[in-house]
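> just coords:
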Ligand code: SF4
C-alpha cells in the first residue's frame, strides 16, 4: 500500500488553477525557499501519512465528480515521488473510468530541468506544472505563480488546451488571488498572496485585538 504525507486537502479550491478544484498540500519540503508562506509543510511527518486509496476516496466524496481539476502543492510533491506517482495513477484511472475531464496541475520548487532529468515518468502523468523555487526578491509572477521566475508549463494535450492561453496571463487574470477556509478551529489562507499581504493581515488583525498564533509564513 502506497502512502503520502499529507498536510491538507480542501474542496473546492478556486485560486490555484482554472475552475473548481481539489487542493492537496503534501507534507515535507527539502527546498525551503526564503519567504515561503507554507513553512508548516516543511518538516516531513510520518504521522500525516495517508494511503493513496484513502485519499482518492476522499477526493471522490468531497467533489462528487464535479471538479474541473486537481492541484497538488506542498510542501514539495516531488520529495515523495513514489506516493505522487501512485496518486497520479489513481486520479487518471478515476478520470478515465468515470469519463471525467479534470486536469491535474502540480507545483514544485525544483527546476524544470531537474524534474525532466529525474522524474520524467511523473511529468508524463501531469497535465501542467509550475516548477522552480519561489524567489521572494522577485515580483509576483503571472497568474497562479508566486514569483516571476516560475513558468506555467502545459504537459499534455488536455493541459495545452486548458493552460496555453494562461502561460503569460497577468496575476489577476483569473480574478481573486486568495480564498479563506475555516476548518478544525484553524484559518487556512489558500492561494498566492501579493508581497507584504501576510504582514498587512497581521497588522490588521492586531489593530482589532486579534493576535495570530502559529502562522505558516514564519517558523
Ligand atoms: S515555496 Fe514550495 S518549494 Fe519553496 S519552500 Fe515553500 S513549499 Fe517548499
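Alright, I've got the coordinates. What you see is a predicted model; the values in this text were computed from it and never measured.

> What parts of the chain come near the ligand?
Proximity of the chain to the ligand, by Cβ under 6 Å from any ligand atom, involves residues 29, 31-33, 36, 38, 41, 74-76, 109, 133-134. Glycine gets a C-beta too; all of them are placed from N, C-alpha and C.

> Adding neighbour count, write those out as JSON lines.
As requested, those are exported to JSON lines (neighbours: other Cβ atoms under 10 Å):
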{"residue": "29", "neighbour count": "23"}
{"residue": "31", "neighbour count": "16"}
{"residue": "32", "neighbour count": "12"}
{"residue": "33", "neighbour count": "18"}
{"residue": "36", "neighbour count": "21"}
{"residue": "38", "neighbour count": "19"}
{"residue": "41", "neighbour count": "24"}
{"residue": "74", "neighbour count": "28"}
{"residue": "75", "neighbour count": "31"}
{"residue": "76", "neighbour count": "24"}
{"residue": "109", "neighbour count": "24"}
{"residue": "133", "neighbour count": "19"}
{"residue": "134", "neighbour count": "21"}
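
> Could you tell me which of those residues belong to strands?
Secondary structure from DSSP state E places none of the residues of the chain next to the ligand in strands.

> element containing the closest residue to residue 125 other than its chain neighbours?
Leaving aside its chain neighbours, residue 125 sits nearest to residue 88 (3.9 Å; criterion: Cβ to Cβ, 6 or more residues apart in numbering). Secondary structure assigned from DSSP states H and E places residue 88 in helix 81-97.

> just how off-centre is that helix within its chain?
16 Å (Cα atoms, centre = their mean, to the nearest Å).

> Going by neighbour count, which residues in it are buried?
By neighbour count on 16 or more other Cβ atoms under 10 Å, the buried set for helix 81-97 is 83-88, 90-91, 94-95.

> Likewise for stretch 107-116?
107-110, 112, 115.

> Let's test this: what are the backbone torsions at the residue of the chain found nearest the ligand?
Per Cβ to the nearest ligand atom, residue 109 is where the chain lies closest to the ligand, at 2.4 Å. With angles defined as degrees, to the nearest 10, residue 109 sits at phi -90, psi 0.

> tell me the angle of the longest strand along the chain relative to helix 81-97?
For the chain, the longest strand by residue count, based on DSSP E, is strand 3-13. Relative orientation of strand 3-13 versus helix 81-97 (axes from the mean of the first three to the mean of the last three Cα atoms, to 10 degrees): 50 degrees.

> Give me the next element, helix or strand, following strand 3-13.
strand 21-26.

> Return the list of helices and strands in contact with that following strand.
strand 3-13, helix 52-63, strand 69-73, helix 81-97 (3 or more Cβ pairs under 8 Å, 6 or more residues apart in numbering; DSSP states H and E).

> JSON lines please, covering those and showing distance to residue 158.
Below are the helices and strands packed on strand 21-26 laid out as JSON lines (distance: least, Cβ to Cβ, whole Å):
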{"stretch": "strand 3-13", "distance to residue 158": "18"}
{"stretch": "helix 52-63", "distance to residue 158": "17"}
{"stretch": "strand 69-73", "distance to residue 158": "10"}
{"stretch": "helix 81-97", "distance to residue 158": "9"}
